[in-house]
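Peer 1: pasting the sequence and the predicted model now:
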Amino acid sequence: MENPRILILDDDKKTLDFLAAFLIFKGYQLLQALDGPDALLKLEQNDVQMVIADTRMPNASGLEFVKRIKSLRPEVVVIAYSAFVSTETTNDLLQAGAFVYLEKPFNLEKLENAIKQGLEHHALQLKSLRQKSKPKIRTQLNNIIGESDKMLALFEMLEKVAGTDSTILIQGESGTGKELVARAIHDLSDRSDKNFVAVNCAAIPDELLESELFGHVKGSFTGAVVSRMGRFEMADKGTLFLDEIGDMKANLQVKLLRVLQSREVEPVGGNRPRKVDVRIIAATNQNLDQMVANKLFREDLFYRLSVIPIILPPLRERDTDIALLLNSFLQKFNKINNRNIEGFDSQVMEILTNYHWAGNVRELENLVERLVIITGGGMVTYHDLPEKYRGGRTVPRVQPVTLPKTGICLHSAVEEFENGLILQALQKSGGNKKEAAILLNLKRTTLIEKLKKKNLTFSGTHQ
């Protein structure tokens, strides 16, 4: 791309001028904004490939600004920066769609590298999304259940990218359905009549994974009594799904990168590379951005895999889908186990809709299977639920406070109100302090200090 146009946003004129001078020197076209509304207006009115933005500005939320940009122009690459960088903030911004989050003052070399990689990413993504995709075939997405806004956006994304051959990186917590999504992409693609081959990189011992992926020739190591084809060749003309890619060791990351670049595999013990035509879909529940920063995952491989990143929402962020999932799993396990469970009563539905679901859809599915087998028939009631899901129902709800004629102790009222909110957050998070802190927009350490100071306890609370 010749002379890409970059929009920079910062309320500090000195920083804005510094960045503008640096980027103009490097040959980029520039647009500048001192506040969010002006930046969004310029973004609407101009062809912009990248936004570089300060996320700590008065009367503005950097997280909401990134979300607004990605909603308005999904293809635009966002480089966010701040003088105050934390792991929690970084994760939130990356989840919202930021390409990278940098710390100020700038390391100019790091900034320049981020810009180059971001623009390469923009070009690859734009090329992929412009390629002709197959007509929408929602029936092939039936195994992925959901009607929430996040799931409808996911379905639309899958239909757009399935018809391309670009590499996809699926990120999400354990149990969110990463393999289901990978299979759906394959089923919607032009490769659907060829093999879909899945490899769990964490389940195969390190010393065997290379042979598993690339194959080996007879006699190449002890036990190699015959030559064997690897998963790459098995998936030729089809799709290879590399699950738990974050667990792959450094030496194999180098070899995988070479295969992605050359489209050739060399079996262990062999000296004749073999051409392969494979569409790669990788997945992980780890934070690869953080692993790259910690030198645990190769940066060049990460950008090769993440041409089109797909982030699966955890179940707690799509609670409107829980009723659909419950009924779908109920029908499935009634049929499999020859049972006739009629449904879930209103109290159970309320509890399960508000539950934290640390294990996501997989945990929900396992619970329904257990309830179908144990309950046998009729409606599932509160007493049928395992204790884990019944716990914490006695946490009091905060009631509206009416100022009495005689007045009130403001300190005590505020303290009571705060205590109630903290207990509710712990209830909704299943006792997980980190998630409770997120619900309260607090640091985890701040929440722990408050619990100690107030001497608050919650049954089932864990770290």
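Peer 2: Noted; the coordinates are in hand.

Peer 1: what residues of the strand or helix carrying L423 count as buried?
Peer 2: Element membership for L423 (DSSP states H and E) is helix 410-428. By neighbour count with 16 or more other Cβ atoms under 10 Å, helix 410-428 contains the buried residues 419, 422-428. Any C-beta I mention is one placed from the backbone N, CA and C, and that applies to glycine too.

Peer 1: show me what the next helix or strand after that helix is packed up against.
Peer 2: Sequence order places helix 433-439 as the next helix or strand after helix 410-428, per DSSP H and E. Counting by 3 or more Cβ pairs under 8 Å, 6 or more residues apart in numbering; DSSP states H and E, the packing neighbours recorded for helix 433-439 are helix 410-428, helix 444-454.

Peer 1: and for helix 433-439, what's in contact with it?
Peer 2: Contacts to helix 433-439, defined as Cβ atoms under 8 Å, 6 or more residues apart in numbering, come from residues 88, 316, 356, 422, 425-426, 428-429, 443-444, 446-448, 451, 461-463.

Peer 1: which ChimeraX command selects the buried ones in these?
Peer 2: To isolate the buried members of these in ChimeraX, using 16+ other Cβ under 10 Å:
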select :316,356,422,425,426,428,429,444,447,451,461
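
Peer 1: so where do the helices sit in the stretch 151-300 of the chain?
Peer 2: Assigned by DSSP state H, counting those that start in this stretch, the stretch 151-300 of the chain shows helices spanning 178-188, 206-214, 231-234, 250-262, 288-293, 299-305.

Peer 1: nearest to R56, of the ones you listed?
Peer 2: When these are compared by Cβ to Cβ, helix 288-293 sits nearest R56, at 19.5 Å.

Peer 1: kindly export the closest one (C-alpha atoms) in PDB.
Peer 2: What follows is helix 288-293, C-alpha atoms only, in PDB (Å, rounded to 0.1, in the frame of the first residue of the first chain):
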ATOM      1  CA  LEU A 288      -1.100 -14.900  22.600                       C
ATOM      2  CA  ASP A 289      -0.500 -11.100  22.600                       C
ATOM      3  CA  GLN A 290       0.900 -11.500  26.100                       C
ATOM      4  CA  MET A 291       2.900 -14.600  25.200                       C
ATOM      5  CA  VAL A 292       4.500 -12.700  22.300                       C
ATOM      6  CA  ALA A 293       5.400  -9.800  24.700                       C
END
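
Peer 1: check which helices and strands that helix sits against.
Peer 2: Against helix 288-293 (3+ Cβ pairs under 8 Å, 6+ apart) you get helix 87-96, helix 299-305.

Peer 1: again, only using 6 Å
Peer 2: helix 299-305 (3 or more Cβ pairs under 6 Å, 6 or more residues apart in numbering; DSSP states H and E).

Peer 1: shaky segments in the chain?
Peer 2: Across the chain, the ranges flagged by pLDDT under 70 are 1-2, 58-60, 125, 127-142, 222-225, 391-403, 405, 457-463.

Peer 1: domain ranges for the protein, per the record?
Peer 2: Domain ranges of the chain: 5-130, 138-313, 316-390, per automatic domain parsing.

Peer 1: tell me how many other residues crowd N338.
Peer 2: By other Cβ atoms under 10 Å, 6 other residues sit near N338.
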